[in-house]
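Asks: Quick one, structure for this:
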Amino acid sequence: MQPAPGVLVLTVPEAMAALKISRPKLYDLIRSGELRSFTIGRARRVPAEAVAAYIRKRMEEAA
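Replies: Residues are numbered from 1 along each chain as shown. I've put the predicted structure just below:
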C-alpha cells in the first residue's frame with residue numbers, strides 16, 4: 001500500500017496495512033524504537049517516511 005500523494009502521516013490501521021502486520025507487532029516496533037511515531041492528543045500517528053525508512057532498513061539487512 002502506497003500512501004496517497006501528499007500524505008505525510010498514517011494512522012495505526014494505515015501503517016498496519018502498509019506493512020502487512022498486526023496491531024501488536026506495530027506497537028512492538030514503536031516501543032522498540034524501530035518505527036518512529038508521535039501522538040496528537042490520544043491519537044498515534046506514524047510518519048509515512050518512517051514506514052519507508054523501516055522498509056529500507058529491513059531490505060538492507062536482508063541483502
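
Asks: how about the helix or strand where R44 lies: buried residues?
Replies: For R44, the host element (DSSP states H and E) is strand 43-47. Neighbour counts over strand 43-47 (16 or more other Cβ atoms under 10 Å) mark R44, R45, V46, P47 as buried. C-beta: built from backbone N, CA, C; applies to glycine.

Asks: A50 versus F38, what's the distance?
Replies: 9 Å (Cβ to Cβ, to the nearest Å).

Asks: If I look at S22, what pLDDT would I see?
Replies: Model confidence at S22, given as pLDDT, is 98.

Asks: shouldn't it be in contact with P13?
Replies: No: here S22 lies out of contact with P13, judged by Cβ atoms under 8 Å, at a distance of 11.1 Å.

Asks: now T39, nearest residue through space, not along the chain?
Replies: With sequence-adjacent residues excluded and distances taken as Cβ to Cβ, 6 or more residues apart in numbering, T39 is closest to R45, at 7.2 Å.

Asks: Which of the three states applies to the spatially most central residue of the chain?
Replies: In the chain, the C-alpha closest to the average C-alpha coordinate belongs to V51, at a distance of 4.0 Å (Cα atoms, centre = their mean). In the three-state summary, V51 is assigned as helix, counting by DSSP: H, G, I helix; E, B strand; the rest coil.

Asks: Over to the closest residue to it other than its chain neighbours. Which of the three states is it?
Replies: Nearest residue to V51, sequence neighbours excluded (Cβ to Cβ, 6+ apart): A18, at 5.3 Å. Here A18 takes the helix state, with states given by three-state DSSP.

Asks: count of residues packed around A18?
Replies: 19 (other Cβ atoms under 10 Å).
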